[in-house]
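Chemist: Let's see this in three dimensions:
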Amino acid sequence: MNITRPLAALSLVFASASVIAAECPALLQHELPKLRSKETVDLCSQFQGKALVVVNTASHCGFTGQFKGLEALYQRYKDDGLEVLGVPSDDFFQEADDEAETAEVCYVNYGVTFTMTQTQPVRGGDATPLFRQLAEQAGTAPRWNFYKYVVDREGRVVGHFSSKVAPDDPRLIAAVEKALER
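Modeler: Model prediction:
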């Protein structure tokens, strides 16, 4: 029996996987559980090569209305390669305890169509690796809910914005447009 051919094929599979991993920025080499789903979001496969706005959200926050603006931003630029990733967090004690309630706020109340994850820690030692890397690149962790990071197509943070900066703020729009440049 000749095992050379199967071994060669297996080598190609592993080589292809390492090339894909090498092309994917470290910032995106993570998975997060999707909101109200048993699926996970593979950040590399979903966001590699795209500009990205990552925002930590909360259902019971004075800034929750920003979901509407984030959805409008997503709709405006998605055909140009923009993705938005919403990450609910209870780090500031304003997220619903019930995932169904979080989903209702996002999907029903605000019509969110961009990707949302299950509730995750976003600051401190318990922060998800994604948010630890965002904070490291930006030089700051989220200071409150609806803190926004704008990431370019190569996985570099090109802007970060406080909760007080609305999704339609010209500074945020300029950062998104910069991130969309090739």
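Chemist: From here on, just use CA atoms for contacts and neighbour counts.
Modeler: Noted.
Chemist: Mind listing the residues bridging to Val157?
Modeler: Beta bridges link Val157 to Val151 when assigned by DSSP bridges.
Chemist: dump the residue contacts of it.
Modeler: Residues near Val157 by C-alpha atoms under 8 Å, 6 or more residues apart in numbering: 134, 137-138, 149-151.
Chemist: Next, format these as JSON lines and append neighbour count and pLDDT.
Modeler: As requested, the contacts of Val157 are exported to JSON lines (neighbours: other C-alpha atoms under 10 Å; pLDDT from 0 to 100):
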{"residue": "Leu134", "neighbour count": "24", "pLDDT": "98"}
{"residue": "Gln137", "neighbour count": "17", "pLDDT": "97"}
{"residue": "Ala138", "neighbour count": "17", "pLDDT": "98"}
{"residue": "Tyr149", "neighbour count": "30", "pLDDT": "98"}
{"residue": "Val150", "neighbour count": "28", "pLDDT": "98"}
{"residue": "Val151", "neighbour count": "26", "pLDDT": "98"}
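Chemist: Out of those, which comes closest to Ala179?
Modeler: Val151 (6.2 Å; C-alpha to C-alpha).
Chemist: How much space separates that closest one from Leu70?
Modeler: Val151 sits at a distance of 15 Å from Leu70 (criterion: C-alpha to C-alpha, to the nearest Å).
Chemist: For the protein, just list every one of the helices.
Modeler: Ranges of helices within the chain are 4-23, 43-47, 66-77, 99-103, 129-138, 170-180, based on DSSP state H.
Chemist: which parts of the fifth one are buried?
Modeler: Spelled out, that is helix 129-138. Within helix 129-138, the residues that qualify as buried are 129-135, 137-138, counting by 16 or more other C-alpha atoms under 10 Å.
Chemist: How far away from the center of its chain is stretch 155-175?
Modeler: The gap between the average C-alpha position of stretch 155-175 and the chain average comes to 14 Å, counting by C-alpha atoms, centre = their mean, to the nearest Å.
Chemist: residue contacts, the most centrally placed residue in the chain?
Modeler: Of all residues in the chain, the one closest to the mean position by C-alpha atoms, centre = their mean is Leu85, 3.3 Å from it. By C-alpha under 8 Å, 6+ apart, the residues touching Leu85 are 52-55, 114-117.
Chemist: From the residues you listed, list just the buried residues.
Modeler: The neighbour-count test (16+ other C-alpha under 10 Å) marks 52-55, 114, 116-117 as buried among these.
Chemist: Next up, the contacts around Leu82.
Modeler: Remark: with contacts taken as C-alpha under 8 Å, 6+ apart, Leu82 is in contact with 50-53, 74, 176, 180.
Chemist: Most neighbours out of these, which is it?
Modeler: Tallying neighbours with other C-alpha atoms under 10 Å puts Ala51 at the head of the contacts of Leu82, with 29 neighbours.
Chemist: you'd agree that one is up against Arg182?
Modeler: No. Using C-alpha atoms under 8 Å, Ala51 is not in contact with Arg182, being 9.6 Å away.
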